[in-house]
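1. sequence isn't available, so here's the structure alone:
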């Protein structure tokens, strides 16, 4: 699920916003664990 152009920046920005909340941190953890 990676858009060809500009996708990375959007995802990083999205992750930064999410990581500011506790729920978001847990979400990012499970997400990255699933990707690897």
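-> All right, it came through fine. If you're wondering where the values come from, they're calculated on a predicted model, not measured in any experiment.

2. got any ranges where this structure has weak pLDDT?
-> Across the chain, the ranges flagged by pLDDT under 70 are 1-8, 19, 35-36.

3. mind checking the longest helix of it?
-> The single longest helix within the chain, with elements called by DSSP state H, is helix 22-35.

4. same question for that helix: list its buried residues.
-> Buried residues in helix 22-35, counted by 16 or more other C-beta atoms under 10 Å: none are found. Using the backbone N, CA and C atoms, a C-beta is placed for each residue, glycine as well.

5. and it, what does it pack onto?
-> helix 7-18 (3 or more C-beta pairs under 8 Å, 6 or more residues apart in numbering; DSSP states H and E).

6. and the helix it packs on, what does it pack onto?
-> Short answer (3+ C-beta pairs under 8 Å, 6+ apart): helix 7-18 packs on helix 22-35.

7. ok and the longest helix of the chain relative to helix 7-18, angle-wise?
-> Helix 22-35 and helix 7-18 meet at an angle of 140 degrees, taking axes from the mean of the first three to the mean of the last three C-alpha atoms, to 10 degrees as the criterion.
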